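**Student:** the following comprises the amino acid sequence and a computationally predicted model.
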Amino acid sequence: MIQDIYPSRLDNSFRNCSMNEDDFLLVFDHEGRLLTGEQDGNIRFTSGCDIESDAAVYLFSVDDRRYFLASDKAGYTVQGFEYRTIRELRDRYSGKELFAAFTAYHLNKWYADNRFCGRCGAVLSFGEKERSLVCPKCGNTVYPRINPAVIVGVIKDNCLLITRYRRGYAHNALVAGFTEIGETLEETVKREVMEKTGVSVKNIRYYRSQPWGMAQDILVGFYCDAVGDGDIRMDENELKYAEWVERGDIILQPGSASLTNEMMRAFRDNEI
């Protein structure tokens, strides 16, 4: 999965520091596209020696390389680099560089969406002691938002419930959805499967979780069993496909970044 970058390691602890020339400086445009190049088949990021910015905010480190964000959205251009969407990067690359791009996108989206205080409307300032945005007028403090969501592998006999979205991602997927206010993750599993496919479930069991910066998510994977005959009543506004698929007939997504793909592979290969 995208976060499996061993032996490399993400260090997301907060540091109040200045950028050096050899630090990476990640530049997003107003549409959320990242300025990248390519080197040896991997994503190449701009650095402090490519761009001079007085608005560099420390993000995180991967191994001994520090990553900063150009928070001024000044429309930088660098020869050999172009702006690409996170989805384009996902379809083309893998490894620690892709994970860094996803994680940086998550923080960039949070910074971009929280320029002003939601309590009094004043311009927010960067926190000096922790990852936060602080209102200098009323003291309101805003922390990075993480959206909880579930990925659900629904099982009936030797089959897995495979879906495809009506819009957006075109490949095979599992039932997924965001947790609502006042709801447990297990209740989210039951509700999302029922709403999208009409199938009731039981024996809900945790599998693994995954950070997914593309949607500012923490994805939580569960397997469960269908109740009764598992008749499907698909929500056609959400899905264009929902069927019970035998283990050996499951077609995986291209790439190995997602928790969804790992869960489909694990069931296909009789690990579940």
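**Tutor:** It's in. Residues are numbered from 1 along each chain as shown.

**Student:** Three-state assignment for Asp22, please.
**Tutor:** Recorded secondary structure, Asp22: coil (DSSP: H, G, I helix; E, B strand; the rest coil).

**Student:** look up how far Lys202 lies from it.
**Tutor:** 55 Å (CB to CB, to the nearest Å). Every residue, glycine included, has its C-beta placed from N, CA and C.

**Student:** give me every residue that touches the nearest residue to Arg265 once chain neighbours are set aside.
**Tutor:** Distance criterion CB to CB, 6 or more residues apart in numbering; nearest residue to Arg265, sequence neighbours excluded, is Leu252 at 5.7 Å. Neighbouring residues of Leu252 by CB atoms under 8 Å, 6 or more residues apart in numbering: 172, 261, 264-265, 268.

**Student:** show me which of those are buried.
**Tutor:** Buried subset of these (neighbour count, 16 or more other CB atoms under 10 Å): 172, 261, 264, 268.

**Student:** of those, closest to Gly118?
**Tutor:** For the buried ones among the contacts of Leu252, the residue nearest Gly118 by CB to CB is Asn261; the value is 36.4 Å.

**Student:** what residues of stretch 236-256 count as buried?
**Tutor:** Neighbour-count burial for stretch 236-256 [16+ other CB under 10 Å]: 238-239, 242, 244-245, 250, 253.

**Student:** tell me the mean pLDDT for that stretch?
**Tutor:** Stretch 236-256 comes out with an average pLDDT of 93.

**Student:** tell me how far it lies from the chain's centre.
**Tutor:** The chain centroid and the centroid of stretch 236-256 are separated by 20 Å under CA atoms, centre = their mean, to the nearest Å.

**Student:** C-alpha coordinates for that stretch, CSV please?
**Tutor:** Extracted in CSV, the C-alpha atoms of stretch 236-256 (Å, rounded to 0.1, in the frame of the first residue of the first chain):
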residue,chain,number,x,y,z
GLU,A,236,-27.5,3.6,-9.4
ASN,A,237,-26.7,7.2,-8.4
GLU,A,238,-23.5,6.0,-6.7
LEU,A,239,-22.6,2.9,-8.6
LYS,A,240,-22.6,1.6,-12.2
TYR,A,241,-21.7,-2.0,-11.2
ALA,A,242,-22.2,-4.2,-8.1
GLU,A,243,-21.9,-8.0,-8.4
TRP,A,244,-20.8,-11.1,-6.5
VAL,A,245,-17.5,-12.2,-8.0
GLU,A,246,-15.7,-15.6,-7.5
ARG,A,247,-12.2,-15.5,-6.0
GLY,A,248,-10.4,-16.5,-9.2
ASP,A,249,-12.4,-14.0,-11.3
ILE,A,250,-11.5,-10.9,-9.4
ILE,A,251,-9.7,-8.3,-11.5
LEU,A,252,-7.5,-6.0,-9.4
GLN,A,253,-6.9,-2.3,-9.8
PRO,A,254,-3.7,-1.2,-11.7
GLY,A,255,-1.0,-0.5,-9.2
SER,A,256,-0.7,-1.5,-5.5
